[in-house]
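Q: after the sequence you'll find the predicted model.
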Amino acid sequence: MKPFGNKYTATEGEFGNIWHWKSIRNAGQIDDQYLDWTRFDAEKSKDAGRKSDAKDSGGYADNFATMPDPADATKTVADMSKPGFTSPNVDLTTGAPGYILDSEKVPLDQAALDAMPVGSYIPAIIKSPIVGDRGDITAAWQWADGVWTIEFGRKLDTGSQTDVQFTDLSAQYHFGLAIFENAQVRHAFENGASFLVFKP
């Protein structure tokens, strides 16, 4: 993973949406993000132009235990050596379904970890539906016969300043598609642009 962001639009005032879907991270939604013209700054904008829409709650988090902060004992930091939660719906032999729902998470103390069979699998992601602007896009998906099928939708006009609004049904809306195949940043990309059009 690079220590800096390199996604941004070419000039000030240019703006775009990013609709980011991962089957493990998302809970019946697509992560609603956006892109602006912000350049990388080590202190002010490490992610450059890529940003997430605002949210009230929900989303996903890494499943780490916590430990006292070595620099300040009144605070805690992530203990990346072990998970912090499990769920009664996790298959410890496979880790399926691959995530823990926040509403079903059960804290794991050291005694519970020690009691688990050697080789147990605990998912690394805890997720819940996103509440707020970032959760505007609903989605459903299925993996069958080696193929993902996904269907998603949102309001034509969300009223958000960080969403592209589909208010002109006679217009063409440019978009591109990138597939992540077990890669964080080196994904496939589309040459040129595709067009979203509305038909009567």
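A: Arrived safely. Residues are numbered from 1 along each chain as shown.
Q: can you give me phi and psi for D102?
A: phi -60, psi -30 (degrees, to the nearest 10).
Q: for it, which non-adjacent residue is spatially closest?
A: S128 (3.8 Å; Cβ to Cβ, 6 or more residues apart in numbering). Glycine gets a C-beta too; all of them are placed from N, C-alpha and C.
Q: domains in the protein, by residue range?
A: As assigned by automatic domain parsing, the chain contains the domains 16-56+132-196, 61-128.
Q: show me what contacts the residue nearest to D102?
A: 27, 57-60, 101-103 (Cβ atoms under 8 Å, 6 or more residues apart in numbering).
Q: separation between L108 and N17?
A: 38 Å (Cβ to Cβ, to the nearest Å).
Q: closest to A48 out of the contacts of S128?
A: G59 (20.9 Å; Cβ to Cβ).
Q: ok, the closest one touching I126?
A: No - using Cβ atoms under 8 Å, G59 makes no contact with I126, being 9.5 Å away.
Q: all strands of the protein, in order?
A: 16-20, 29-35, 50-52, 57-62, 65-69, 72-79, 85-86, 100-101, 106-107, 125-131, 137-144, 147-153, 173-175, 194-196 (DSSP state E).
Q: got the contact list for the third one?
A: Okay, so that is strand 50-52. Against strand 50-52 from outside (Cβ under 8 Å, 6+ apart): 5, 7-8, 18, 31-36, 38, 134, 162.
Q: by neighbours, which of these wins?
A: D32 (25 neighbours; other Cβ atoms under 10 Å).
Q: residue contacts, it?
A: 17, 19, 52-53, 130, 133-137, 154, 162-163.
Q: just put the domains of the chain in JSON lines and tack on mean pLDDT.
A: Putting these into JSON lines (pLDDT from 0 to 100) gives the following:
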{"stretch": "domain 16-56+132-196", "mean pLDDT": "92"}
{"stretch": "domain 61-128", "mean pLDDT": "95"}
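Q: could you check how far the closest residue to G49 other than its chain neighbours is from F40?
A: The shortest distance from G49 to any non-neighbouring residue, by Cβ to Cβ, 6+ apart, is to Y8 (3.0 Å). The gap separating Y8 from F40 is 8 Å, by Cβ to Cβ.
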